[in-house]
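Participant: Got a predicted structure here, sequence first:
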Amino acid sequence: MISNSLTEPQAKKRLFIGLLAGSLLAVLGLAGLLYYLMSHPTTILQQVLLVVLIGAILLIMVVVAFGIGGIVLTIWLAKTIKPLQPLMRVAIGLLFPVAIGLGKLFNIDTDKIKRSFIEVNNQLVRTKELKLKPSQLLLLAPHCLQKSSCPHKITTNINNCKRCGGCPVDQLLDIRERLGVNVGLATGGTLARKYVKEYRPKAVVAIACERDLSSGIQDSSPLPVLGVLNERPFGPCFNTQISVSQVEIAIRYFAEVEN
Ligand code: SF4
């Protein structure tokens, strides 16, 4: 049986959602503290400022609460709830750094939280049930997949790869040939954005580490991105590997491919 998860090791979605909710409560507590500290204003102007400030904070809290509710409901019902999607993006954008900070406070590994976020994102993307042509899909992979001793300049043009089979770039080109998707090899966010501009995909399958995937997913929003974690048997950013089956599963979520 094929695993439904695209990220290894397995990360629990409830970790990220729990931290989001915890962040919301922490900010709400701060708002209450602010109200308490400013509850004895002396002038009318101070009173007006206080009401405006508290009103703005409460409005943001309501938006974020609906956003978190939208995430939970979407995962629970396995169905996209379109009106709540902008609020879900706002909730993630605002509270992601707070959740990471809260995790540090409780000594939770940052990569574990990011894996949980990627898992939540993948689940939300799957509920969209997009059916695209392979040509509307972009497979983005990091440059660190290339064997460190390979002399060929493949970041400027992936076709410079001689297909020797010495690293996973050969497998990426095999996927491109078999499934007909676009493939881009990026050294960082700038080149990744260039590929998105060039190919104008309707969806992206991105291979990267926890840090790059979580920032890339947020940067690309609302473009749907399915994240697949790379494997790092030799440590970070060096001769990294991919699971071809996981990449293919991600591509097949989006695109109808024949073989
Ligand atoms: S498959 Fe061979 S030629 Fe291609 S990038 Fe890897 S090592 Fe270089």
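Facilitator: Yep, it's here. Not measured: the values here are computed from a predicted model. Residues are numbered from 1 along each chain as shown.
Participant: pretty sure C150 is in a strand, no?
Facilitator: No - C150 is assigned coil when assessed by DSSP: H, G, I helix; E, B strand; the rest coil, not a strand.
Participant: close enough to count as contact, it and C167?
Facilitator: Yes - between C150 and C167 there is a contact under Cβ atoms under 8 Å: 6.6 Å. The way it works is simple: take the backbone N, C-alpha and C, and place the C-beta from them, glycine included.
Participant: and these two? which has more neighbours close in?
Facilitator: C167 (21 against 16; other Cβ atoms under 10 Å).
Participant: The worst-scoring helix or strand of the chain on mean pLDDT: which residues count as buried?
Facilitator: Of all helical and strand segments in the chain, the minimum by mean pLDDT, DSSP states H and E falls on helix 13-37, at a mean of 83. Judged by neighbour count using 16 or more other Cβ atoms under 10 Å, the buried positions of helix 13-37 are 13, 15-17, 19-24, 26-27, 31.
Participant: could you pull out the helices for the stretch 101-250 of the chain?
Facilitator: 110-126, 169-179, 189-199, 210-220, 244-254 (DSSP state H, counting those that start in this stretch).
Participant: Using TSV, lay out these together with distance to V90, mean pLDDT and mean neighbour count.
Facilitator: What follows is the helices of the stretch 101-250 of the chain, written out as TSV (distance: least, Cβ to Cβ, whole Å; pLDDT from 0 to 100; neighbours: other Cβ atoms under 10 Å):
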stretch	distance to V90	mean pLDDT	mean neighbour count
helix 110-126	14	93	22
helix 169-179	34	96	18
helix 189-199	22	92	15
helix 210-220	12	93	20
helix 244-254	25	94	19
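Participant: The ones you listed into JSON lines, with extra columns for distance to K79?
Facilitator: Formatted as JSON lines, the helices of the stretch 101-250 of the chain follow (distance: least, Cβ to Cβ, whole Å):
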{"stretch": "helix 110-126", "distance to K79": "11"}
{"stretch": "helix 169-179", "distance to K79": "27"}
{"stretch": "helix 189-199", "distance to K79": "27"}
{"stretch": "helix 210-220", "distance to K79": "20"}
{"stretch": "helix 244-254", "distance to K79": "15"}
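Participant: Show me what whichever helix in the chain runs longest is packed up against.
Facilitator: Criterion DSSP state H: the longest helix present in the chain is helix 44-77. Here helix 44-77 touches helix 13-37, helix 85-105, helix 110-126, going by 3 or more Cβ pairs under 8 Å, 6 or more residues apart in numbering; DSSP states H and E.
Participant: Could you give the average pLDDT over that helix?
Facilitator: The average pLDDT within helix 44-77 is 85.
Participant: And A21, how close does it get to K147?
Facilitator: Applying Cβ to Cβ, to the nearest Å, the value for A21 to K147 is 44 Å.
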